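Q: give me a model of this one.
(2 chains)
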Number of protein chains: 2
Amino acid sequence: MTHIIDGKIIASQLQESLKQQIITLQTDKNITPHLAVIIVGDDPASQVYVASKERNAKNIGMKSTLIRLADNVSQSELNQHITDLNNDKLVHGILVQLPLPKHLDEEMVINLIDPKKDVDGFHPINVGYLHNGQANKALTPCTPTGSIILLKSFCSDLSGKHAVVVGRSNIVGRPIAEMLLQENCTVTIAHSRTQNLGDICKQADILIAAVGKPHFIKADWVKNNAIIIDVGINRIHNTETGKSKLVGDVDFDAVQVKTAAITPVPGGVGPMTIACLLQNTIKAASLSIA
Amino acid sequence: MTHIIDGKIIASQLQESLKQQIITLQTDKNITPHLAVIIVGDDPASQVYVASKERNAKNIGMKSTLIRLADNVSQSELNQHITDLNNDKLVHGILVQLPLPKHLDEEMVINLIDPKKDVDGFHPINVGYLHNGQANKALTPCTPTGSIILLKSFCSDLSGKHAVVVGRSNIVGRPIAEMLLQENCTVTIAHSRTQNLGDICKQADILIAAVGKPHFIKADWVKNNAIIIDVGINRIHNTETGKSKLVGDVDFDAVQVKTAAITPVPGGVGPMTIACLLQNTIKAASLSIA
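A: You can find the predicted model right below:
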């Protein structure tokens, strides 16, 4: 029987434990973790995402501030907001919602955020700590961290397993490959230039799909009893009904019967990303007084 | 016919071009790149290695300073030397020869070196720049950089090839895997916990051996016409003759007949490491006035 890894339940358990950590921080250290989110413009998907971050932060007793900037904000004004938050001792986590409008330099923004408040884990020094085995110092990126928690909820010892990561983005593919390596997996990173992708995927004891293409991973690419983490969240439209729905990178219905365990979309990795963002904010708050 | 990739020739060509770059920097910018090396204690292998760095630096017209510290130097005294070099505007590259005696904290030392002078490329922010695709800002580690140059000297377009890296150290395995990914290879990282290592290696169009075990890679692990970069440098002793010699991680005599190209040991990756160290020092000097 295939096990469906329920990201909603696991995220809600994590959030419950974070709520307790916040109470402890307030009681023992008189500190309330505080997440500041900057959003530029009015992209609907970003709005929904940011609102969800704020709602979840407040639900667990975290302070949350949302800074809305106009679509045409200048680089220098955006930078000034980040610098102000860097200098504000009462702010522990800073997140600038990506993507930014084209006239703004994302790399500059990422590099400007104080690494100790970089709850997205995108600053080069946090990337370096992750890849250098100094992850105790690092804020690690949320989606990869959440994916590993889901994986380990089903299989606590990943040592020696062959993990194939499809996708090599800085945000998901690369960090998740590094985390799997730290779990002692043999790790293959595949991507758009990979030849015979199906044959590569078919070797995977653990398959991570992070390509952003609906139903990209086919049933005949999957080894029997593989564990699959589907990081993709793709919106597809049904032209007949006019409705749209969210699907993953994996052809779920056809694939799931072959797997030992698989995450659904929605309700898999998605809820974990926000929970791990909140976890990073608490870690940043704790480190700020260490 | 197997092509033996001659690291001595390629390193000497690189050093020749670095010599010209130094002349240009002196003429145009009135600056002579300056490498400072700290060596602690009197480990014979480290002494040989450091002497070779100094000799090569001087050969291409680079200024070189060697700071010898006693085996029992304190952490604070070592740190003070690093801080002084960080603050010295006439020093462009700083290298602390590793390994350090056990009582010293290598991680602290690596993190203390000014990232802009970190010619070993081990500082977390340089690691982050490498893995984050901001390598133009980074000083990248020397042995991986040199290995990629050797590889590309034989095959300039690596796109789509399956590279298997055996070994996952911070110094070689991990950064070389990242560099191969940037060359659009499909990349597998294997290591001591990997199961069926022979089968994994057998898939490799490009095989990187970085395990530090003499003759570890066997002929039947190697695909016909693979390209092999042997990063290992192991000293083995012949008990009959009493003599010792250097060998790689690859069982060279048995393996080489199957390959399209292979690096020998000695005379492969070794000479490239020092050339790339000098290249990093020149890059650091150039960036210091940019």
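
Q: who in chain A is up against chain B?
A: Within chain A, the positions near chain B by C-beta under 8 Å from any C-beta of the partner chain are A:107, A:122-129, A:131-134, A:159-160, A:162, A:168, A:170, A:174, A:177-178, A:181, A:184-191, A:193-195, A:200. Yep, even glycine has a C-beta here, placed from its N, CA and C like the rest.

Q: can you say which of the residues you listed are buried?
A: Those of those that meet the buried threshold are A:122-129, A:131-134, A:160, A:162, A:168, A:174, A:177-178, A:181, A:184-191, A:193-194, A:200, by 16 or more other C-beta atoms under 10 Å in any protein chain shown.

Q: which of those fall in strands?
A: In strands, judged by DSSP state E, the following of those are found: A:His162, A:Thr186, A:Val187, A:Thr188, A:Ile189, A:Ala190.

Q: pull the most distant pair out of the residues you listed.
A: Between all members of those, the longest pairwise span (C-beta to C-beta) is found for A:Thr186 and A:Ala190 and amounts to 13.4 Å.

Q: contact partners for the nearest residue to A:Ile200 once chain neighbours are set aside?
A: Among residues not flanking A:Ile200 along the chain, A:Ala190 sits closest, at 5.1 Å (C-beta to C-beta, 6 or more residues apart in numbering or on different chains). The contact partners of A:Ala190, taken as C-beta atoms under 8 Å, 6 or more residues apart in numbering or on different chains, are A:Val164, A:Val165, A:Val166, A:Gly167, A:Leu197, A:Ile200, A:Cys201, B:Thr186.

Q: and for A:Ile10?
A: In this structure, A:Ile10 makes contact with A:Ile149, A:Leu150, A:Ser153, A:Pro271, A:Met272, judged by C-beta under 8 Å, 6+ apart.

Q: ok now the helix or strand A:Gly270 falls within, how far from the chain's centre?
A: For A:Gly270, the host element (DSSP states H and E) is helix A:269-288. Here the centre of helix A:269-288 is set off from its chain's centre by 10 Å, with C-alpha atoms, centre = their mean, to the nearest Å.

Q: could you dump it to PDB, C-alpha only?
A: Coordinates of the C-alpha atoms in helix A:269-288 are reproduced here as PDB (Å, rounded to 0.1, in the frame of the first residue of the first chain):
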ATOM      1  CA  VAL A 269       5.600  20.200   0.500                       C
ATOM      2  CA  GLY A 270       3.700  23.400   0.300                       C
ATOM      3  CA  PRO A 271       2.500  23.600   3.900                       C
ATOM      4  CA  MET A 272       6.000  22.600   5.100                       C
ATOM      5  CA  THR A 273       7.600  25.600   3.400                       C
ATOM      6  CA  ILE A 274       5.700  28.100   5.500                       C
ATOM      7  CA  ALA A 275       6.300  26.000   8.700                       C
ATOM      8  CA  CYS A 276      10.000  26.000   8.000                       C
ATOM      9  CA  LEU A 277      10.000  29.700   7.400                       C
ATOM     10  CA  LEU A 278       8.500  30.200  10.800                       C
ATOM     11  CA  GLN A 279      11.000  27.800  12.300                       C
ATOM     12  CA  ASN A 280      13.900  29.800  10.700                       C
ATOM     13  CA  THR A 281      12.500  33.000  12.300                       C
ATOM     14  CA  ILE A 282      12.500  31.300  15.700                       C
ATOM     15  CA  LYS A 283      16.100  30.100  15.100                       C
ATOM     16  CA  ALA A 284      17.100  33.600  14.100                       C
ATOM     17  CA  ALA A 285      15.500  35.000  17.200                       C
ATOM     18  CA  SER A 286      17.200  32.500  19.400                       C
ATOM     19  CA  LEU A 287      20.600  33.100  17.700                       C
ATOM     20  CA  SER A 288      20.100  36.900  18.200                       C
END
